[in-house]
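Student: Give me a 3D structure for the following:
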Amino acid sequence: MVEYKCFNCNKKVSINYLRKKIRCPYCGSKILFKPRTTITKVKAR
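Tutor: All right, here's what the predicted structure looks like:
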């Protein structure tokens, strides 16, 4: 399941809520992001 986080208050926002509005239900911010689950390491040459 895809979860988004609010950039302002850092709370989780469900995808079901985002179908209705594109705002954080807690603080009203319009900036949301998907947190990465895995860390990718790149080796420099």
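Student: And the helix or strand of the chain with the lowest mean pLDDT, what does it pack against?
Tutor: One helix or strand of the chain scores below all others by mean pLDDT, DSSP states H and E: helix 15-18, with a mean of 80. Secondary-structure packing of helix 15-18 (3 or more Cβ pairs under 8 Å, 6 or more residues apart in numbering; DSSP states H and E): strand 3-6. To be clear about C-beta, it is placed using only N, CA and C from the backbone, and glycine gets the same treatment.
Student: what about the strand it packs on, distance to the chain center?
Tutor: Distance of strand 3-6 from the chain centroid (Cα atoms, centre = their mean, to the nearest Å) equals 2 Å.
Student: Could the C-alpha coordinates of that strand be exported in PDB?
Tutor: C-alpha atoms of strand 3-6 as PDB (Å, rounded to 0.1, in the frame of the first residue of the first chain):
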ATOM      1  CA  GLU A   3       1.600   5.900   1.900                       C
ATOM      2  CA  TYR A   4       2.500   9.600   1.700                       C
ATOM      3  CA  LYS A   5       3.900  11.800   4.300                       C
ATOM      4  CA  CYS A   6       3.300  15.500   4.900                       C
END
